[in-house]
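*Asks:* Sequence plus the predicted model coming up.
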Amino acid sequence: MKNEEKNYLLTIKDLVVHFHTLEGIVRALEGVSLHLEQGKTLGLVGESGCGKSVTAHSILRLLPPKLCKIKGGEILFRQRDSAEPIDLAKVDPQSDLIRSIRGHEIAMIFQEPMTSLAPIYTVGDQIMEAIMLHRQVSPEQARESAMEMLKAVALAENVVDEYPYRLSGGQRQRAMTAMALSCNPSLLIADEPTTALDVTIQAQILELLMSLQKEFNMAILMITHNLGVIAEMADEVAVMYLGRVVESGAIEQVLGNPLHPYTIGLLKSLPKMGDQTNRRLAPIPGSVPDPLAKVEGCPFHLRCPVYKQKGCDGKELPSVVEPEPGHLVRCVLYY
Amino acid sequence: MTEDTIILEVNKLTKHFPIYRGFLRKVVGSVQALNDVSFSVKKQETLGIVGESGCGKTTLARVMLRAYEPTSGEVLFNQDGEMINVFSLKKAELKRLRRNIQIIFQDPLSSLNPRKTVLEIIGEPLLIHGVAHGQELKSRVCELLKMVGLSVNHLDRYPNAFSGGQRQRIAIARALALQPQVVLCDEPVSALDVSIQAQIINLLQDLQKDLGLTYLFISHDLSVVEHISDRVAVMYLGSIVELAPSSPLYQRPRHPYTEALLSATPTIDPATRKKRIILPGELPNPSNPPPGCKFHTRCTYAQDVCKTTVPAWEEISPGHWTACHRAKELELRGVGELKSSG
């Protein structure tokens, strides 16, 4: 990370998050570093259990404080009116400061729009709640802006008085997006926003997110396991495996010229549409190790096809190298 | 290979679920889950079925197994050269038929009994059909485990001890226990991570080659279906709108819905961000489908005739069937062209 401190909106440095469960310690994040520029989209990909969602939840400090500890690292976020970034990792998760950031400067949309909307309040009430919490407005004005937001996400204005169960999955995700954007956040965290949706509806939502991003000039942290969605949406991408970022860079670099054996494996195991050669898929052998186990050395060496004895399974984690500008990879092959 | 032998034929299959309302449970309408679905499957081929949620994919699989009774239509199964109608069978005959048609479900956690060991789960169909018991059963289950790439040591473990991919392997072993000819795969890889998904797809393909299986592969993932299928049927709101060998269907679709589906699917090639066709609106209510062509409410090419007349199911080129009024005149874009236009 030679890049001198640019004016990143969000910089995560060596974030370590552990869960203390009854069965033992789950090392969810083991030194994650990311950065995101204003108005850009960063994609975070990886398979289940790699720590994508934990990263997102740590930024907003939504993780259960008793169970989960931030062991180290920084989450630097540049607030709207201040020159100096604040470190969200040090903020008390129940303080007024983080509450004023949640939903106001950093908003989040979740995967399952049914479980993340309250079933007994109307959509309008829920959007108004967010607006009135962060802005000094009257209920009438809040309702007015709620309706405006619904229009922005291409929902009919009368949705304002509907209950979530009356809406379809795509409409709910739009309502959720309207709520997230109602306070004009500078960062939107989208955690698998389209995974529960059909492809035609997914296309609608992705298109909507891209146009809203332009309109509001916000940054998006897009979390998904779907590489296709990342390829269409993101400017930069970070590939995670077992709580670490194994490769990151511009989208063209990482998907066009993947370097880490895990990224290469992921791309090879995907069937490509329109590829008529009928080649056999090349899956990554084995499966993700038990989350309670501590993997020494490179996290991927147990499944790696080009596993080199030297340095891969030692005590040391391979360090990050930069084979081309902006393209970072954590693998001994590129030393 | 005995090519072109038809092993399964579905004729005008219709399934409507009644909607009850009120104290007297009066029937006030029906959800039209399947409408006049017809197709045939050849021996040892894979027929893919794609469509969005609510289009009737799963209902189709369940009706074919007679888990639901159909409203009308027939399913013919080729049993030793004789086409028998699944719906006219008596209970004992149906049990015999089910040895030949098995199913793999989407979620391997909810389709495996958590209180049974692997031996009991995979051995159950063998016991029910009186194929094997005791030591013979155990050795047969061991064979099946090896076949799907699991270790024999796993015999006495419970499903919760396995990962998603391993569970799906157990489900596959159970489906293959009775040496069926046809396996209905209902979203078998949708709940799995990509690297595991590829393992299971390869396993299914290997088993098909080794055992001469016929697959009906149901999925919403177009790229997976293209990869595994010889022919693909596209469903929309309870009907098949297009059916063709997979390469022509993906390269030159003849139904606007297929074109839109192909265009909406994100691809991993970053150099070719496509110009998407965004379908307006959402799936209409299947209890009150639109008149005429069911797709006309979302179709960009719809004309007046589409709103009133149901399009005929036509063979537009050899083996390529579609139901669209404008199939002959429209130049729809396939996967290749979508890329270059980006």
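*Replies:* Sure, I can see it. Residues are numbered from 1 along each chain as shown, chains lettered A, B, ... in the order given.
*Asks:* got any ranges where chain B has weak pLDDT?
*Replies:* Filtered on pLDDT under 70, chain B yields the residue ranges B:1-3, B:270-275, B:337-342.
*Asks:* Tell me how it divides into domains.
*Replies:* Chain B breaks down into these domains under automatic domain parsing: B:6-250, B:251-342.
*Asks:* With mean neighbour count and distance to A:T177 added, can I get these in CSV?
*Replies:* Every residue, glycine included, has its C-beta placed from N, CA and C. Output for the domains of chain B, formatted as CSV (neighbours: other C-beta atoms under 10 Å in any protein chain shown; distance: least, C-beta to C-beta, whole Å):
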stretch, mean neighbour count, distance to A:T177
domain B:6-250, 19, 20
domain B:251-342, 18, 16
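*Asks:* of all those, which lies closest to A:G311?
*Replies:* Closest approach to A:G311 among the domains of chain B (C-beta to C-beta): domain B:6-250, 23.5 Å.
*Asks:* Report the contact partners of A:H327.
*Replies:* For A:H327, the contacting residues are A:E247, A:S248, A:G249, A:A250, A:Q253, A:V254, A:N257, A:L259, by C-beta atoms under 8 Å, 6 or more residues apart in numbering or on different chains.
*Asks:* Is it bridged to anything, and to what?
*Replies:* Counting by DSSP bridges, A:H327 forms beta bridges with A:E324.
*Asks:* any idea how far it is from A:S248?
*Replies:* Counting by C-beta to C-beta, to the nearest Å, the gap from A:H327 to A:S248 is 8 Å.
*Asks:* cool, and B:R96?
*Replies:* Distance, B:R96 to A:S248, by C-beta to C-beta: 58 Å.
*Asks:* swap in A:L181?
*Replies:* Distance from A:L181 to A:S248, by C-beta to C-beta: 27 Å.
*Asks:* Have a look at those two and say which one is more surrounded.
*Replies:* Using other C-beta atoms under 10 Å in any protein chain shown, the more surrounded residue of A:L181 and A:S248 is A:S248, with 27 against 23.
*Asks:* Let me see the mean pLDDT of stretch A:213-224.
*Replies:* Average pLDDT, stretch A:213-224: 93.
*Asks:* Is it in proximity to chain B?
*Replies:* No - using C-beta under 8 Å from any C-beta of the partner chain, stretch A:213-224 stays clear of chain B, coming no nearer than 9.8 Å.
*Asks:* any idea how far that stretch is from the chain center?
*Replies:* 11 Å (C-alpha atoms, centre = their mean, to the nearest Å).
*Asks:* Pull out the buried positions in that stretch.
*Replies:* For stretch A:213-224, burial by neighbour count (16 or more other C-beta atoms under 10 Å in any protein chain shown) applies to A:Q213, A:M218, A:A219, A:I220, A:L221, A:M222, A:I223, A:T224.
*Asks:* before we move on, what SS does the residue nearest to the fifth one when sequence neighbours are not counted have?
*Replies:* For A:L221, ignoring the flanking residues on the chain, the nearest one in space by C-beta to C-beta, 6 or more residues apart in numbering or on different chains is A:I189 at 4.7 Å. Per DSSP: H, G, I helix; E, B strand; the rest coil, the local secondary structure of A:I189 is strand.
*Asks:* got it, and B:N11?
*Replies:* Following three-state DSSP, B:N11 is assigned to strand.
*Asks:* My guess is it contacts B:S38. True?
*Replies:* Yes - if you go by C-beta atoms under 8 Å, B:N11 and B:S38 touch, sitting 5.4 Å apart.
*Asks:* Just the ones in helices from the contacts of A:H327, please.
*Replies:* If you go by DSSP state H, the contacts of A:H327 have A:Q253, A:V254 in helices.
*Asks:* Narrow the contacts of A:H327 to just the buried residues.
*Replies:* Applying 16+ other C-beta under 10 Å to the contacts of A:H327 flags A:E247, A:S248, A:G249, A:A250, A:Q253, A:V254, A:L259 as buried.
*Asks:* and those, which two are the farthest apart?
*Replies:* The span of the buried ones among the contacts of A:H327, defined through C-beta to C-beta, is set by A:A250 and A:L259 at 12.8 Å.
*Asks:* and A:F77, how many neighbours?
*Replies:* Counted with other C-beta under 10 Å, the neighbours of A:F77 add up to 23.
*Asks:* For chain B, just list every one of the helices.
*Replies:* For chain B, applying DSSP H gives helices covering B:57-64, B:91-98, B:118-128, B:134-147, B:164-176, B:194-211, B:222-228, B:246-251, B:256-264, B:304-308, B:335-340.
*Asks:* between the ones you listed, which gets nearest to A:P119?
*Replies:* Evaluated with C-beta to C-beta, these place helix B:57-64 nearest to A:P119, the distance being 26.0 Å.
*Asks:* Check which helices and strands that closest one is in contact with.
*Replies:* When contacts are defined as 3 or more C-beta pairs under 8 Å, 6 or more residues apart in numbering or on different chains; DSSP states H and E, helix B:57-64 packs onto strand B:6-21, strand B:26-42, strand B:46-50, strand B:182-186, strand B:214-219.
*Asks:* Among those, which comes closest to chain A?
*Replies:* strand B:46-50 (9.6 Å; C-beta to the nearest C-beta).
*Asks:* contacts for the closest one?
*Replies:* For strand B:46-50, contacts defined as C-beta under 8 Å, 6+ apart pick out B:39, B:41, B:57, B:60, B:208, B:214-222, B:225-226, B:228-235, B:246, B:261.
*Asks:* All set now, cheers.
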